[in-house]
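Asks: Here is my input, please return the structure:
(3 chains)
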Amino acid sequence: MNLAGFAILSALAIASALSVILQRNPVMSALSLVVTIFSLAVAFLSLGTAFLAAVQVIVYAGAIMVLFVFVIMLLDLGRREPFRMTGLSRKLIGLAAAAAFFAQVAASISATGVLGAKPPAPLSPGYGSAADIGRAIFTDYLYPFEAASVLLLAAMVGALVMAKKRIER
Amino acid sequence: MNDPILLHLIRISVILGIFLGCVAYIVWVERKVLGHIQIRVGPKRVGPYGLLQPIADVVKLVSKEDLTPPNAHQWLFRLAPVIAFVPALLSMAVIPFGDTVRILGRDVRIGIADINVGLLYVFAMSSMGVFGIALAGWSSNNKYSLMGSLRSSAQLISYEVSLGLSVLGVVLLAGSFSLREIVEAQARLPFVVLQPVGFLLFIMASSAEIARIPFDLPEAEAELVAGFHTEYSSMKFAMFFMAEYANLVTVSAMAVTLFLGGWQGPFADGPHWFAVKAAAMLFFFIWVRGTLPRYRYDQLMRFGWKFLLPLALLNLLATALAVVIWGGEA
Amino acid sequence: MVTLTHYLALSAILFTIGVAGVLVRRNALVIFMSIELMLNAANLAIIAFARHRADTGGLVFVFFVLAVAAAEVAVGLAIIIAIFRNRGTVNVDEINMMRW
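Replies: Below is the predicted model of the structure:
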């Protein structure tokens, strides 16, 4: 991917991420997050995995964010959160903490030396395709796969129980 | 990939033009066919055989007053119909309409693009369509719209699961997610023969996905006022209307690609076969609309989760077993 | 030429924006969305590294992160709904007492 394309992509991703945290209306935050997810899917595509890009859109944008929008609609949380509720001092502290965090992350990653000009390793022809990932899941990573399915079952049961209305008898 | 930009643009305009023309005239076809099923004639006054009826409809819709309810979220209210309509258009980008032909001394592949996760791309686009409906209901600031859109969205995301699973049998047989390769894998035998259950599941799940009878309760005129598009009028309503038919055309094209063998036929392969098969699928969907009553909402949800989903899983299991045992089947 | 550094920088910026969102916003749903933003940024970093080292295991891990994120969102939203039913608000500043 050339630098111009990446610049546009990252501008879009960062702008929509900022929109997620700065919008007062939760529905607009959710839609901004959908835009971020799409731009990250394009980034995944540029990194060689079309499969994960498509899965990201289907799962994240198509299911998880729909769930978010559902909950916002059900609870009628369209009321805009007054920005005054967060005092200026809290906002400044939050931003300062985030900036410090970024500095720390940047320092740690630079210190590890992975940012050197080492060229990327050559890719096998089927890298990032469904067949490639599927083979890895069902051979090397079978145990985490089965554990993930149990986790999903537990989450389903938990969500059903938590969200059920209690029936007074 | 190495074709000149002009070729891409020509391909896109031709396919888009034909698609939009189909969306406009499928309305006429449906009204005529429904009319004859109901022992009446359908539109016949506007132009010969009522052929100008869609144009009359567009003129009528455009000339209506474009109301926006007060306290509605202005931006989202206008955006929702667009979000509902665009995914059907985007899905057209990966459907293969024909094989490579030689035009003016250059090999031209008929179809806009072919990506190796084409099928997943189509599902991703149909998942995006749900947002249009959810936002339409919410941004209208109207309780009936909200209820209708919640029901409609719940129906859509429930049937998405069965839709995806019903198609996985085809993927197992073809060995690829790319739509062009799936069509080419049907060179000897269309997958409807090898996957009859999958085909039926696909038809049922996609009828529910595009909210057509017998699954169109959330937006039926007699229920919940008019569902999520209660507050919409004029051009925005026209867009929802078009979105429904665009989805119908897309689903028929997908059925032809995945199960009926795409552009291949007993003689003279080419896009004409695709058109014939797609027309047959469209006629089938319209026929179903004229014949079946609609499901009640709880029946609809029960059907999707308790019948279609287990059946789709069993179909996938059986297909996987068959592929393993008879390896390289078809 | 886009290198690993570019992708990591983008990932770090997105992650930091997520952190800022969690610290500054008071609406439980927006906080949750910021957490999802952080997960996505981490996914980007993992895939960038996997590409750099031609390692499919990284991609498998991202696949699992997606599954876990879906499960987490389901349970988290159910909890938020339950809290909303009990307290009538999703503002985390007002949900600060276990019982009264």
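Asks: B:Lys306 and chain A, how far apart?
Replies: Taking Cβ to the nearest Cβ, to the nearest Å as the measure, B:Lys306 and chain A are separated by 15 Å. C-beta: built from backbone N, CA, C; applies to glycine.
Asks: Setting the sequence-adjacent residues aside, check what's closest to B:Pro214.
Replies: Once its chain neighbours are removed from consideration, B:Pro214 has its nearest residue in B:Leu292; the separation is 4.4 Å (Cβ to Cβ, 6 or more residues apart in numbering or on different chains).
Asks: For B:Leu308, see how far away the one you found is.
Replies: When Cβ to Cβ, to the nearest Å is applied, the distance between B:Leu292 and B:Leu308 equals 16 Å.
Asks: coming back round to it: the residue nearest to B:Pro214: neighbour count?
Replies: In terms of burial, B:Leu292 registers 13 neighbours under the definition other Cβ atoms under 10 Å in any protein chain shown.
Asks: wait, doesn't it sit right on B:Ile213?
Replies: Yes - the pair B:Leu292 and B:Ile213 qualifies as a contact (Cβ atoms under 8 Å) at a distance of 6.0 Å.
Asks: my guess is A:Asp140 meets C:Gly57, correct?
Replies: Yes - here A:Asp140 lies in contact with C:Gly57, judged by Cβ under 8 Å, at a distance of 7.0 Å.
Asks: B:Asp298 sits in which helix or strand?
Replies: Assessed by DSSP states H and E, B:Asp298 sits inside helix B:297-302.
Asks: which helices and strands sit right next to that helix?
Replies: With contacts taken as 3 or more Cβ pairs under 8 Å, 6 or more residues apart in numbering or on different chains; DSSP states H and E, helix B:297-302 sits against helix B:143-174.
Asks: 6 Å instead?
Replies: If you count contacts as 3 or more Cβ pairs under 6 Å, 6 or more residues apart in numbering or on different chains; DSSP states H and E, helix B:297-302 packs onto no helix or strand.
Asks: in that helix, what's buried?
Replies: By neighbour count, with 16 or more other Cβ atoms under 10 Å in any protein chain shown as the criterion, the buried positions of helix B:297-302 are B:297, B:300-301.
Asks: got it, and stretch A:134-147?
Replies: Using 16+ other Cβ under 10 Å as the burial criterion, the residues of stretch A:134-147 that qualify are A:136-137, A:141, A:144-145.
Asks: and B:Leu16, how many neighbours?
Replies: Using other Cβ under 10 Å, B:Leu16 is surrounded by 14 other residues.
Asks: B:Leu89 versus that one, what's the distance?
Replies: 7 Å.
Asks: Going by proximity to chain A, name the top residue of the stretch 101-250 of chain B.
Replies: In the stretch 101-250 of chain B, the residue that lies nearest chain A is B:Ser127 (2.6 Å; Cβ to the nearest Cβ).
Asks: Make sure that residue is actually in contact with A:Ile64.
Replies: No - applying Cβ atoms under 6 Å, one finds B:Ser127 not in contact with A:Ile64, separated by 10.5 Å.
Asks: could you measure the nearest residue to A:Val35 once chain neighbours are set aside against C:Glu94, distance?
Replies: What sits nearest to A:Val35 in space, not counting adjacent residues and going by Cβ to Cβ, 6+ apart, is A:Ser16, at 4.0 Å. Note on A:Ser16: its distance to C:Glu94, by Cβ to Cβ, is 29 Å.
Asks: higher neighbour count, these two?
Replies: Just comparing A:Ser16 and C:Glu94: by other Cβ under 10 Å the higher neighbour count belongs to A:Ser16, 22 against 12.
Asks: Unless I misread the structure, the more buried one falls within a strand.
Replies: No - counting by DSSP: H, G, I helix; E, B strand; the rest coil, A:Ser16 is not part of a strand but helix.
Asks: which ones are touching it?
Replies: Neighbour list for A:Ser16: A:32, A:35-36 [criterion: Cβ atoms under 6 Å, 6 or more residues apart in numbering or on different chains].
Asks: and C:Asn91, what are its phi and psi?
Replies: Per-residue torsions, C:Asn91: phi -80, psi 120 (degrees, to the nearest 10).
Asks: which residues touch it?
Replies: The neighbours of C:Asn91, taking Cβ under 6 Å, 6+ apart as the test, are C:Arg26.
Asks: which outside residues touch the helix or strand where the residue of the stretch 101-250 of chain B closest to chain A lies?
Replies: Taking DSSP H and E as the definition, one finds B:Ser127 inside helix B:118-139. Helix B:118-139 has contacts (Cβ under 6 Å, 6+ apart) with A:54, A:57-58, A:62, A:66, A:69, A:73, B:72-73, B:76-77, B:80, B:83-84, B:87, B:90-91, B:94, B:145-146, B:148-149, B:152-153, B:156, B:164, B:177-179, B:228.
Asks: In helices, which of those appear?
Replies: Per DSSP state H, helices hold the following members of these: A:54, A:66, A:69, A:73, B:76-77, B:80, B:83-84, B:87, B:90-91, B:145-146, B:148-149, B:152-153, B:156, B:164, B:179.
Asks: average pLDDT across the host helix or strand of A:Leu95?
Replies: Using DSSP H and E, A:Leu95 maps to helix A:88-112. Taken as a whole, helix A:88-112 has an average pLDDT of 89.
Asks: try stretch C:20-35
Replies: If you average the pLDDT over stretch C:20-35, you get 92.
Asks: any idea how far the residue of the stretch 201-330 of chain B found nearest chain C lies from B:Ala205?
Replies: Residue nearest to chain C within the stretch 201-330 of chain B (Cβ to the nearest Cβ): B:Trp305, separated by 15.8 Å. Computed as Cβ to Cβ, the B:Trp305 to B:Ala205 distance reads 12 Å.
Asks: Going by the annotation, which residue ranges form each domain of chain A?
Replies: Chain A resolves into domains spanning A:1-81, A:126-169 when parsed by automatic domain parsing.
Asks: Just name the most buried of those.
Replies: Highest mean neighbour count among the domains of chain A (mean count of other Cβ atoms under 10 Å in any protein chain shown): domain A:1-81, with a mean of 20.
Asks: any idea how far it is from the chain center?
Replies: Shown here is domain A:1-81, whose average C-alpha point lies 8 Å from the average C-alpha point of the whole chain (Cα atoms, centre = their mean, to the nearest Å).
Asks: Equivalent analysis for stretch B:161-172, please.
Replies: 16 Å.
Asks: just stretch A:91-111 next, same as before
Replies: Per Cα atoms, centre = their mean, the displacement of stretch A:91-111 from the mean C-alpha position of its chain is 20 Å.
Asks: Is that stretch positioned near chain C?
Replies: Yes - remark: stretch A:91-111 sits within contact range of chain C at A:91, A:94, A:97-98, A:101-102, A:105, by Cβ under 6 Å from any Cβ of the partner chain.
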